[in-house]
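Chemist: model this:
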Amino acid sequence: MRCCAECFGDRGLRRSIIPLHSSAIGRSSYCRTGSIALVAPRVLATYFETMVDAYQRDSKGKLLVEWFRNDWSLFRHPRMDDSRAKELLERLGDELNRPVLPQSAAIDYTPSQYLCEFIKNCGYQGVIYRSSLSDGINLALFDPALARCGRVAQYHVTRVSVEVAAGV
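Modeler: Residues are numbered from 1 along each chain as shown. The predicted structure is shown next:
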């Protein structure tokens, strides 16, 4: 069975990821869109791992299909009902079809992780972004071998401050 970008309705999958991994043109086994680039669902598993990490297993939680539809606007194709979407997620991997609850800390970072994975798959070697903890900037290289050490400085940490508040 093969899927296509229309099964998910995601622009990144449509423009970059599926064309990169496509092995055939044809009709999707899931959404039934025809004359389109197809991939085996398992090929996409690594792209979904970061998203899955944003949720924790819970027997009373919703299925990932529901979270992905609500949080990421995936599976919006009219033919991608819960049954077909669940079947597709099963083909992506066993972890993708269990009841879950969102983990707020992980969800906070998921959009930037997803964006970085997309940027990496577009052929870029890294990203530069402002630090959320200081006035500095951060550099994330996708291949550490590209880094060259220019200067090393040793610091002695004299104090670390942590503030906590009562949970909600």
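
Chemist: going forward, measure contacts between C-alpha atoms and count neighbours the same way
Modeler: OK.

Chemist: what number of residues are in the vicinity of residue 65?
Modeler: Residues lying near residue 65 (other CA atoms under 10 Å) number 24.

Chemist: dump the residue contacts of residue 68.
Modeler: By CA atoms under 8 Å, 6 or more residues apart in numbering, the contact set of residue 68 is 74, 75.

Chemist: all numbers from here: first residue = 57
Modeler: Happy to do that; since the first residue is 57 now, the last one works out to residue 124.

Chemist: can you tell me the SS state at it?
Modeler: Using DSSP: H, G, I helix; E, B strand; the rest coil, the structure places residue 124 in helix.

Chemist: where does pLDDT dip in this protein?
Modeler: Along the chain, segments meeting pLDDT under 70 span 150-167, 187-190, 223-224.

Chemist: mind listing the strands the lengthiest strand in it pairs with, and their directions?
Modeler: Ranked by residue count and defined by DSSP state E, the top strand of the chain is strand 111-119. When pairing is defined by DSSP bridges, strand 111-119 lines up against strand 155-158 (antiparallel).

Chemist: so which residues of this structure form helices?
Modeler: 61-64, 67-68, 74-77, 101-108, 120-128, 138-148, 160-177 (DSSP state H).

Chemist: surely residue 193 is in contact with residue 185?
Modeler: Yes: at 5.7 Å, residue 193 and residue 185 qualify as touching, with contact defined as CA atoms under 8 Å.

Chemist: and the helices of the chain, which is most packed in?
Modeler: Among those, ranked by average contacts under mean count of other CA atoms under 10 Å, first place goes to helix 61-64 (a mean of 24).

Chemist: tell me what that helix is packed against?
Modeler: On a contact count with 3 or more CA pairs under 8 Å, 6 or more residues apart in numbering; DSSP states H and E, helix 61-64 meets no helix or strand.
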